[in-house]
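S.K.: here is a sequence with its predicted model. Questions after.
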Amino acid sequence: METFDAIQKRASVREYKTDPVDKALLEKLVDAARRAPTARAVEPWEFVVVENRATLKKIGEIAQSGSFIKDAACCIAVFCSDTKYYLEDGSAATENILLAARDSGLGACWVAGDKKPYTGEISKLLGAKPDLKLVSLISLGWPKKDVKQLKNRKLDEVIHWERF
Ligand SMILES: Cc1cc2nc3c(=O)[nH]c(=O)nc-3n(C[C@H](O)[C@H](O)[C@H](O)COP(=O)(O)O)c2cc1C
């Protein structure tokens with residue numbers, strides 16, 4: 001799939017088949033993440049790849065807006081050290097994973113980390129050092145249904161040439 005294809009066809013996927021995802025593919029996703037732009041070239045990120053069913057179930061229980069994580073093949077937790085631009089850096093890395101997942105035929109959903117009351121509990125569960133910020137939880141698995149992107153706002157509504 002070409003980059004533009006992956007961008008145009010990416011959509012949040014919250015229902016997955018039970019089939020596992022190859023470790024090599026999960027490594028490729030994290031490799032895509034670490035290649036994201038990063039302010040001041042700090043590369044503050046750390047990625048925890050969770051496949052253990054009991055841990056996935058616990059994450060789904062703790063992170064209520066991501067309850068479907070319990071049935072995902074995997075969840076990648078994106079952490080960043082507490083730098084000035086940790087949220088931008090962690091978000092750029094998260095988007096790289098979403099696009100690389102779509103490119104590989106995997107379904108994925110960005111589940112909120114930063115700003116949620118459950119970040120501390122997830123960090124503790126995954127053994128993260130206290131100075132690490134949880135930016136996102138990414139659920140992953142082979143999609144149960146066709147993946148279709150639905151966007152409300154059209155290009156001509158959001159584009160402004162030179163000025164508003
Ligand atoms: C910062 C952020 C946090 C999000 N958190 C959640 C979440 O907790 N649970 C969830 O199901 N989706 C979450 N999403 C996914 C959005 O709901 C989704 O991107 C939006 O509905 C647009 O749909 P699309 O991804 O299919 O284009 C989040 C997305 C972003 C960017």
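M.R.: That came through fine.

S.K.: OK, contacts around the closest residue to Lys17 other than its chain neighbours?
M.R.: The shortest distance from Lys17 to any residue other than its chain neighbours is 4.4 Å, reached at Trp142 (Cβ to Cβ, 6 or more residues apart in numbering). Heads up, the C-betas are built off the backbone N, CA and C, glycines and all. Under the criterion of Cβ atoms under 8 Å, 6 or more residues apart in numbering, the neighbours of Trp142 are 16-17, 19, 21, 73, 105-107.

S.K.: buried subset of these as a ChimeraX selection?
M.R.: Under the burial definition 16 or more other Cβ atoms under 10 Å, those of the contacts of Trp142 that qualify are selected in ChimeraX by:
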select :16,21,73,106,107
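
S.K.: inside strands: which ones of the contacts of Trp142?
M.R.: Counting by DSSP state E, the members of the contacts of Trp142 that fall within strands are Gly107.

S.K.: ok, so of the contacts of Trp142, who is nearest the ligand?
M.R.: Nearest to the ligand among those: Gly107, at 10.4 Å, using Cβ to the nearest ligand atom.

S.K.: returning to that earlier point: with pLDDT and distance to Asp31 added, can I get the contacts of Trp142 in a markdown table?
M.R.: As requested, the contacts of Trp142 are arranged in a markdown table below (pLDDT from 0 to 100; distance: Cβ to Cβ, whole Å):
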| residue | pLDDT | distance to Asp31 |
| --- | --- | --- |
| Tyr16 | 98 | 22 |
| Lys17 | 98 | 24 |
| Asp19 | 97 | 22 |
| Val21 | 98 | 15 |
| Ala73 | 98 | 18 |
| Gly105 | 97 | 17 |
| Leu106 | 98 | 14 |
| Gly107 | 98 | 19 |
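
S.K.: closest to Gly60 among the contacts of Trp142?
M.R.: Checking the contacts of Trp142 against Gly60 by Cβ to Cβ gives Tyr16 as the nearest, at 12.1 Å.

S.K.: thought the closest one was touching Cys75?
M.R.: No - shown here, Tyr16 and Cys75 do not form a contact pair, counting by Cβ atoms under 8 Å, at 11.0 Å.

S.K.: find residues that contact each of the two.
M.R.: Contacts common to Tyr16 and Cys75, judged by Cβ under 8 Å, 6+ apart, are 139-140.
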